[in-house]
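**Student:** quick one: sequence and predicted model below, then my questions.
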Amino acid sequence: MANYRNKGGVAVIELNNPPVNALSFEVRSGLMNALKRAHDDKDVKCIVIHGKGKNFSAGADIKEFGGTKQQKPWITDACRLADESSKPVVAAIAGTALGGGLEVALFCHYRIGTPSCRVGFPEVQIGVLPGAGGTQRLPRLIGVKHSIDMITSGRHVMAEEALKLGILDKIVTDDIIEEGIQFAKSVVGIDVGGRILRNRKVEDAGSKVFDDEISRVKKKYKGYIAPLFCLKAIQASMQLPYDAGMEQELKLFQQLVSSGQAKAQQYTFFAERISARWQLPSGANSQTASPLPVKTAGVIGAGTMGAGIALCLITSGIPTVLVEQDQKFLEKGVKTVEGDLRGSVALKKMTAEQANKAISVLKTSVNLEDLHDVDLVIEAVYENLALKKEIFAKLDKICKSKTILCTNTSSLDIDTIAEATKRRDKVVGTHFFAPAYIMKLQENVYGKDTSAETVATVMALGKRIRKVPVLVGTCDSFVANRMLHPYATEALFLVEEGASPYEVDQALEDFGMPMGMFRVSDLSGLDIGYKVRKEAAKRRGIELTSDTRFVNGERVCLLANVLVEKGRLGIKSGKGWYNYGSPGKREATPDPEVLDTIEEYCRKYDIKKRKISSQEILERMQLAMINEGFKILEEGIVSKPEDIDIIWIYGFGWPKYMGGPMFYANEMKLKNVYRKIRDFHQNYPFSIHWTPSKLLARLSETDLPISKWTSLINSNSKL
Ligand SMILES: CCC/C=C/C(=O)SCCNC(=O)CCNC(=O)[C@H](O)C(C)(C)COP(=O)([O-])OP(=O)([O-])OC[C@H]1O[C@@H](n2cnc3c(N)ncnc32)[C@H](O)[C@@H]1OP(=O)([O-])[O-]
């Protein structure tokens with residue numbers, strides 16, 4: 001819908017589809033009719049277009065892209081009259097003018113905005129390109145170079161920069177509609193000819209610019225096709241007359257919109273929003289619970305994780321006390337924080353002023369008592385249950401009664417930790433991923449007594465510190481690491497059976513993972529996994545040695561332990577699965593010594609090797625993990641498949657253009673997924689992770705799309 005009124009000779013058109021005024025069929029039709037009315041009305045001297053509520057418009061209605069064809073009028077049809085009008089047309093922008101929203105504004109002769117407004121072409125992030133003239137009009141306004149930057153990155157441009165670039169003509173501080181009306185009146189009588197973008201020429205930036213940009217984009221957005229299509233469309237603006245450029249843009253848009261990547265990226269956009277709507281088994285949820293304010297925080301442990309978490313807090317303006325038991329470790333932690341801040345300034349991710357501001361809100365202490373007054377504490381000490389319980393018992397006595405106590409455990413039982421306190425409702429897991437300052441995922445884990453208020457607080461905190469928080473229930477290793485286990489286990493089995501670690505990594509990287517499994521292990525440190533495995537086995541009363549091949553009838557492969565025992569700890573020691581030349585260096589080269597070690601290992605246990613295809617590598621690793629994902633859903637550890645996909649996208653870098661593992665399974669068709677898992681179960685009976693999930697079995701009979709799985713799960717509590 002679009003509302004129309006004539007205010008003293010000014011036609012005021014309101015895009016009416018809150019909260020973001022997405023340009024649905026009704027809005028496009030409404031806009032077209034309103035522009036026609038303004039054009040025909042002799043009393044109207046000028047036109048203002050604005051959005052209802054806080055936003056101008058977030059662009060095309062993404063939901064209309066799925067499957068069925070978008071109904072006419074397109075945005076371009078709706079806006080043609082703005083372009084052709086001899087009456088000045090002004091876009092009055094508050095909030096966001098994104099995608100098609102910005103395209104509407106570019107059809108207007110003038111654009112004004114509030115100081116906090118943002119403009120941009122984020123289409124590339126949902127797998128498409130600005131298909132309503134954006135790639136043809138923006139270069140005519142701000143030139144090829146800036147257009148390439150904005151359109152291939154999808155970044156939002158703030159008002160000040162938009163003014164400098166020439167996208168905005170003015171920044172206004174009063175009511176945006178009134179300002180729009182005044183501005184429009186002020187330009188009545190001025191010939192609009194020079195303001196019509198289609199009439200302008202695009203400067204010839206030369207073809208070399210595009211050759212360079214193609215290489216840059218291929219490297220920066222590896223695997224994504226949309227940024228390359230964007231470049232082609234922008235190049236057309238330079239090479240073709242306006243109308244032919246528009247045709248070329250539409251052709252490229254239509255190719256993209258029907259691609260698998262666009263479908264996956266749009267799924268991811270909505271999955272992130274669905275995942276943010278959490279629910280506890282009690283029924284309490286994100287709509288009913290309110291977060292407590294977090295004005296100050298504490299972090300315990302100044303190691304890599306603790307320092308990274310403190311950095312997230314202070315760069316979000318939260319005064320934080322960083323506590324270590326030892327002054328020397330504390331100083332090392334502070335150096336890490338300072339070093340990372342300097343690095344961010346060098347990379348222009350923040351200004352020196354912002355870095356100084358962040359460091360000014362960091363306090364340090366070697367005394368837990370200094371946490372007595374903070375609103376929330378995140379404990380990030382070594383993964384040891386007894387130590388964590390001891391710390392929580394102390395915190396319970398020291399901190400004020402409202403303080404929320406979070407543990408950054410990646411696997412330990414939240415309820416057991418909570419039992420050390422008298423405030424079990426205020427104990428919760430906040431599992432960050434290394435490096436904590438960079439990785440977006442915050443896996444929040446509720447225990448059986450964690451209150452809705454506590455959950456609301458850590459979910460809100462996650463958003464505030466620029467993470468993507470996902471809520472999960474307690475189980476061994478939670479969701480991310482629990483699913484990682486069969487994935488990593490299969491990688492080792494594949495190596496035993498004949499694939500080299502380098503072939504495994506190559507298959508994963510070709511699929512789109514940022515790093516193969518073995519490179520990730522080297523980065524985290526092989527000794528960490530070694531210790532975790534030994535401790536976990538000890539808790540189960542098992543003594544692991546590198547000769548162990550079965551535990552309680554289940555196949556294991558401890559090749560990584562063999563490497564650790566040879567002093568190959570990963571990047572930190574200069575060699576692990578790969579050779580790095582010297583400790584701390586990042587460039588990985590395959591190492592014949594590792595291949596010899598594997599040969600020797602296989603000879604020792606008489607394992608027959610065979611040629612393994614990259615398809616088998618991907619299927620075994622991914623399906624083992626996907627099967628675990630269905631078990632997690634079946635057990636109610638997460639309430640919806642979107643949670644799992646968001647965990648893999650933001651925790652492990654699963655490519656957004658593949659939509660997450662559960663979406664991937666959906667695309668493979670569940671009956672195929674189930675059949676393959678059953679086959680693997682038959683072929684590998686000594687691996688419990690191949691036992692097919694009962695939920696998967698049920699869903700595979702129904703052919704329901706992923707969007708309907710949750711309703712089936714909820715209607716069948718006993719699967
Ligand atoms: C065809 C010609 C070429 C044109 C192409 C395009 O324009 S492509 C488009 C290019 N544009 C983009 O890619 C911009 C996409 N949008 C955004 O980036 C953000 O929504 C935001 C920055 C506008 C507001 O962030 P925020 O944190 O304040 O709010 P929020 O994110 O929670 O959203 C609120 C609700 O609105 C929903 N919704 C939002 N946008 C759309 C949409 N376009 N469509 C449909 N729905 C949309 C969103 O799902 C949510 O619904 P829910 O969950 O409540 O049922």
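**Tutor:** Perfect, thanks for sending it.
**Student:** what comes up buried for the helix or strand hosting E338?
**Tutor:** Assigned by DSSP states H and E, E338 belongs to helix 327-346. Buried residues in helix 327-346, counting neighbours by 16 or more other C-beta atoms under 10 Å, are found at 330, 333-334, 336-338, 340-341, 344-345. Every C-beta, even on glycine, is put in place using the N, C-alpha and C of the backbone.
**Student:** so which bits of the helix or strand following that helix are buried?
**Tutor:** Using DSSP H and E, the helix or strand that follows helix 327-346 in sequence is helix 352-360. Residues 355, 358 are the ones in helix 352-360 that count as buried (16+ other C-beta under 10 Å).
**Student:** against which helices or strands is helix 352-360 packed?
**Tutor:** helix 304-314, helix 327-346 (3 or more C-beta pairs under 8 Å, 6 or more residues apart in numbering; DSSP states H and E).
**Student:** who are the packing partners of the shortest one?
**Tutor:** To tie it back to what came earlier, the one meant is helix 304-314. Against helix 304-314 (3+ C-beta pairs under 8 Å, 6+ apart) you get strand 297-300, strand 320-323, helix 327-346, helix 352-360, strand 427-432.
**Student:** can you give me the strands for the stretch 101-250 of the chain?
**Tutor:** Taking DSSP state E, counting those that start in this stretch as the test, the strands found in the stretch 101-250 of the chain are 110-113, 118-120, 156-158, 170-171.
**Student:** mind putting the ones you listed into a markdown table with distance to I644, mean neighbour count and mean pLDDT?
**Tutor:** Listed next are the strands of the stretch 101-250 of the chain as a markdown table, based on distance: least, C-beta to C-beta, whole Å; neighbours: other C-beta atoms under 10 Å; pLDDT from 0 to 100:
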| stretch | distance to I644 | mean neighbour count | mean pLDDT |
| --- | --- | --- | --- |
| strand 110-113 | 39 | 27 | 98 |
| strand 118-120 | 29 | 24 | 98 |
| strand 156-158 | 28 | 19 | 97 |
| strand 170-171 | 43 | 15 | 98 |
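**Student:** redo those strands as JSON lines? Include distance to the ligand.
**Tutor:** Shown next, in JSON lines, are those (distance: least, C-beta to the nearest ligand atom, whole Å):
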{"stretch": "strand 110-113", "distance to the ligand": "15"}
{"stretch": "strand 118-120", "distance to the ligand": "8"}
{"stretch": "strand 156-158", "distance to the ligand": "7"}
{"stretch": "strand 170-171", "distance to the ligand": "19"}
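**Student:** phi, psi for the closest residue to R277 other than its chain neighbours please.
**Tutor:** Nearest-residue entry for R277: S286, 5.1 Å, with adjacent residues in sequence omitted and distances by C-beta to C-beta, 6 or more residues apart in numbering. Dihedral angles of S286 (phi, psi; degrees, to the nearest 10) stand at phi -60, psi -20.
**Student:** surely S286 touches S275?
**Tutor:** No: between S286 and S275 there is no contact under C-beta atoms under 8 Å: 10.4 Å.
**Student:** comparing the two, which residue is more hemmed in?
**Tutor:** Shown here are S286 and S275; by other C-beta atoms under 10 Å, S275 has more neighbours (23 against 18).
**Student:** could you pick out the residues of the stretch 251-400 of the chain near the ligand for me?
**Tutor:** Neighbours of the ligand within the stretch 251-400 of the chain, by C-beta under 6 Å from any ligand atom: 270, 273.
**Student:** host element of the residue in the stretch 251-400 of the chain that the ligand sits nearest to?
**Tutor:** Residue of the stretch 251-400 of the chain nearest the ligand, by C-beta to the nearest ligand atom: R273 (3.9 Å). Counting by DSSP H and E, the element that carries R273 is helix 260-276.
**Student:** can you dump the C-alpha coordinates of that helix into CSV?
**Tutor:** Taking Å, rounded to 0.1, in the frame of the first residue of the first chain, the C-alpha atoms of helix 260-276 are listed here in CSV:
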residue,chain,number,x,y,z
GLY,A,260,20.3,-22.2,-5.7
GLN,A,261,22.7,-19.7,-4.0
ALA,A,262,20.0,-17.0,-3.9
LYS,A,263,17.6,-19.5,-2.3
ALA,A,264,20.1,-20.5,0.3
GLN,A,265,21.2,-17.0,1.1
GLN,A,266,17.6,-15.8,1.5
TYR,A,267,16.8,-18.8,3.7
THR,A,268,19.8,-17.8,5.8
PHE,A,269,18.5,-14.2,6.1
PHE,A,270,15.2,-15.5,7.5
ALA,A,271,16.8,-18.3,9.5
GLU,A,272,18.8,-15.8,11.5
ARG,A,273,15.6,-14.0,12.4
ILE,A,274,13.7,-17.2,13.2
SER,A,275,16.6,-18.4,15.4
ALA,A,276,16.5,-15.1,17.4
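**Student:** still on that earlier bit, number of residues surrounding the residue of the stretch 251-400 of the chain closest to the ligand?
**Tutor:** Neighbours of R273 using other C-beta under 10 Å come to 10.
**Student:** which secondary structure elements does the helix holding E338 sit against?
**Tutor:** helix 304-314, strand 320-323, helix 352-360, strand 362-365.
**Student:** partner strands of the second one, with direction?
**Tutor:** This means strand 320-323. With DSSP bridges as the test, strand 320-323 is paired with strand 297-300 (parallel), strand 362-365 (parallel).
**Student:** next structured bit after the helix or strand of the chain with the lowest mean pLDDT?
**Tutor:** In the chain, no helix or strand scores lower on mean pLDDT, DSSP states H and E than helix 526-539, which sits at a mean of 83. Beyond helix 526-539 on the C-terminal side, the first helix or strand identified by DSSP H and E is strand 550-551.
**Student:** who's in contact with the residue lying closest to Y242 once chain neighbours are set aside?
**Tutor:** Counting by C-beta to C-beta, 6+ apart, R198 is the residue found nearest to Y242 once chain neighbours are left out, at 4.7 Å. R198 makes contacts with 83, 136-137, 140, 242, as judged by C-beta atoms under 8 Å, 6 or more residues apart in numbering.
**Student:** from the ligand, how far off is R198?
**Tutor:** 17 Å (C-beta to the nearest ligand atom, to the nearest Å).
**Student:** equivalent analysis for E554, please.
**Tutor:** 42 Å.
**Student:** quick one: residues contacting that residue.
**Tutor:** 686-688.
**Student:** then K332?
**Tutor:** K332 neighbours (C-beta under 8 Å, 6+ apart): A302.
**Student:** what average pLDDT does stretch 224-232 get?
**Tutor:** Here stretch 224-232 scores 98 as its mean pLDDT.
**Student:** name the surrounding residues that touch it.
**Tutor:** Here stretch 224-232 has contacts from 123-124, 127-130, 135, 148, 151-152, 210, 213-214, 217-218, 220-221, 248, 252, 255-256, 259, 261-262, 265, 655, 657, using C-beta under 8 Å, 6+ apart.
**Student:** check what pLDDT the residue nearest to L704 when sequence neighbours are not counted gets.
**Tutor:** Of all residues not flanking L704 in the chain, L712 sits nearest, at 6.0 Å (C-beta to C-beta, 6+ apart). Listed pLDDT for L712 reads 83.
**Student:** what is the neighbour count of L712?
**Tutor:** Residues contacting L712 under the criterion other C-beta under 10 Å number 14.
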